[in-house]
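Peer 1: Provided below are the primary sequence and the corresponding predicted coordinates.
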Amino acid sequence: MRTRQYSAGEPVIPTPHDVALAAASSRVLAQHLPSASGDVQLRLVEDGQETEPVTVPAAALTLFLRLLTEMARGHAVTVLPLHTELTTQQAAEVLNVSRPYLIRLLEEGQLPYRKVGTHRRVALQDVLAYKVRTDTARRAALDELTAEAQRLGLGY
């Protein structure tokens, strides 16, 4: 079975077979993760042949488990370094907003950006930090609404 080659930054879209395999393998891997505190040695088996041990940082194993978990949910995944710059369309997709809405955020100064010629570029790190800020504010507002509903006896 030949696997497809992906270029850097290209999303990996799991097939139904990938989803099932990721779910099964993530369950097994999760059992070993709590004991992993330093470097971890892995052995791969390919066509019935075991490879020499490969040593990886425990943090990489944690990241791999997160990747498998997302694939098990059927989500497309991409791994990008934090210093990556995104186009406005890519940044909008990360935030799950429209591109015009993102442009408005940039122009209002809520997200820093730089211009490359006539194009705007947004640092992935800044997009993720904005997402954390807005998610935190949204959660706080929902908590406040829930508390108010309970004070009023609305049955929530």
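Peer 2: Ah, there it is.
Peer 1: So which bits of the worst-scoring helix or strand of the chain on mean pLDDT are buried?
Peer 2: In the chain, the helix or strand scored least confidently by mean pLDDT, DSSP states H and E is strand 39-42, which has a mean of 83. Buried residues in strand 39-42, counted by 16 or more other Cβ atoms under 10 Å: Val40. Bear in mind the C-beta positions are built from the backbone N, C-alpha and C, glycine included.
Peer 1: Counting by contacts, list what it packs against.
Peer 2: Contacts defined by 3 or more Cβ pairs under 8 Å, 6 or more residues apart in numbering; DSSP states H and E place strand 39-42 against strand 54-57, helix 58-72.
Peer 1: got a list of contacts for it?
Peer 2: 53-58, 61 (Cβ atoms under 8 Å, 6 or more residues apart in numbering).
Peer 1: Just the buried ones out of those, please.
Peer 2: The neighbour count (16+ other Cβ under 10 Å) marks Leu61 as buried among the contacts of strand 39-42.
Peer 1: need the contacts of strand 39-42 in JSON lines with distance to Arg73, can you?
Peer 2: Converted to JSON lines, the contacts of strand 39-42 look like this (distance: Cβ to Cβ, whole Å):
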{"residue": "Pro53", "distance to Arg73": "30"}
{"residue": "Val54", "distance to Arg73": "27"}
{"residue": "Thr55", "distance to Arg73": "29"}
{"residue": "Val56", "distance to Arg73": "24"}
{"residue": "Pro57", "distance to Arg73": "25"}
{"residue": "Ala58", "distance to Arg73": "23"}
{"residue": "Leu61", "distance to Arg73": "19"}
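Peer 1: I'd like to know which of the helices and strands packed on strand 39-42 is closest to Ala20.
Peer 2: Ala20 lies closest to helix 58-72 among the helices and strands packed on strand 39-42, at 8.2 Å (Cβ to Cβ).
Peer 1: buried sites along the closest one?
Peer 2: So for helix 58-72, counting by 16+ other Cβ under 10 Å, buried means 61, 64-65, 67-72.
Peer 1: now swap in stretch 115-125 and tell me
Peer 2: 120, 122-124.
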